[in-house]
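> Need coordinates for the following:
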Amino acid sequence: MVAYVFGVVGMFRLTRCAVSGSNPPDGVARAAAWIAALVYAANPNLMYMQSTAMGEAVYLAFFIWAVAYFCEWVQGNPAALTRCGLCIAGACLTRYDGWFLAVATLILVFMRFGEQLFRSRGRAALHGRVSDAHSPGNLAPRASLLKFVLISAAAPGLWLAYNAIVYRNPLEFENGPYSAKAI
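The predicted model follows:
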């Protein structure tokens, strides 16, 4: 039930962030956020899932918050990338669907960093400088990228290591006796 509530709040924040863009939230963004949160909260399947001992509500809360923090990072909040990574790690430890979320988000983050690097090199060439890409001011974004990658990869890496140690097979979940393949 706690994850259900966090999911509703996360849906509000995600929608407000997505609708308002880089501007401060206005009345339209708030109204859209309230509508999205109410639609999410009123979903009968989600209401059922939050009342049972299943992990879907937990995964959805982590997923929604990961996307909300990603949206905030894209709009210029550098601290949101670490929070996004923590939510992705939680999603990876909740369901295997989180592993896909981690890969998709990593691709998007790398694309965004590549775009920024391309722009900074283009500006440097335009102004006749060798490169702004290696200046001390660009080390903070690289550190946040490294932190994000390590946090996002930690959960799947630890899961594979656990399976390797306990079952002597890192892919036990995929091809072991209790896997979907065996069943």
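> isn't residue 62 right next to residue 84, touching?
No. With contact taken as CB atoms under 8 Å, residue 62 and residue 84 are classed as non-touching, separated by 10.4 Å. (C-beta placed from N, C-alpha, C; glycine too.)
> Same drill for those two, tell me which one is more crowded.
A direct count of neighbours by other CB atoms under 10 Å for residue 62 and residue 84 places residue 62 higher, at 27 against 24.
> Spatially nearest residue to that one, not counting backbone neighbours?
Once its chain neighbours are removed from consideration, residue 62 has its nearest residue in residue 91; the separation is 3.8 Å (CB to CB, 6 or more residues apart in numbering).
> and that neighbour, what element?
Secondary-structure element containing residue 91, defined by DSSP states H and E: helix 80-94.
> Give the next helix or strand downstream of that helix.
Immediately after helix 80-94, counting by DSSP H and E, sits helix 97-126.
> tell me which residues of that following helix are tucked away?
Under the neighbour-count criterion of 16 or more other CB atoms under 10 Å, helix 97-126 has 98, 99, 101, 102, 105, 106, 109, 112, 117, 120, 124 buried.
> Stretch 46-53 too?
Within stretch 46-53, judged by 16+ other CB under 10 Å, the buried ones are 46, 49, 50.
> give me every residue that touches the residue nearest to the spatial centre of the chain.
Nearest to the mean C-alpha position of the chain, by CA atoms, centre = their mean, lies residue 66 at 3.2 Å. Contacts for residue 66 (CB atoms under 8 Å, 6 or more residues apart in numbering) come out as 84, 87, 88, 91, 101, 105.
> other SSEs contacting the helix holding residue 91?
With contacts defined as 3 or more CB pairs under 8 Å, 6 or more residues apart in numbering; DSSP states H and E, helix 80-94 has these neighbours: helix 56-74, helix 97-126, helix 139-167.
> What residues sit buried inside that helix?
Neighbour counts using 16+ other CB under 10 Å place 80-81, 83-94 of helix 80-94 among the buried residues.
> Which one of these is nearest to residue 74?
The shortest gap between residue 74 and any of these belongs to residue 80, at 8.6 Å (CB to CB).
> Quick one: closest of the helices and strands packed on helix 80-94 to residue 14.
Sorting those by CB to CB, the top spot, which is the nearest, belongs to helix 56-74 at 3.9 Å.
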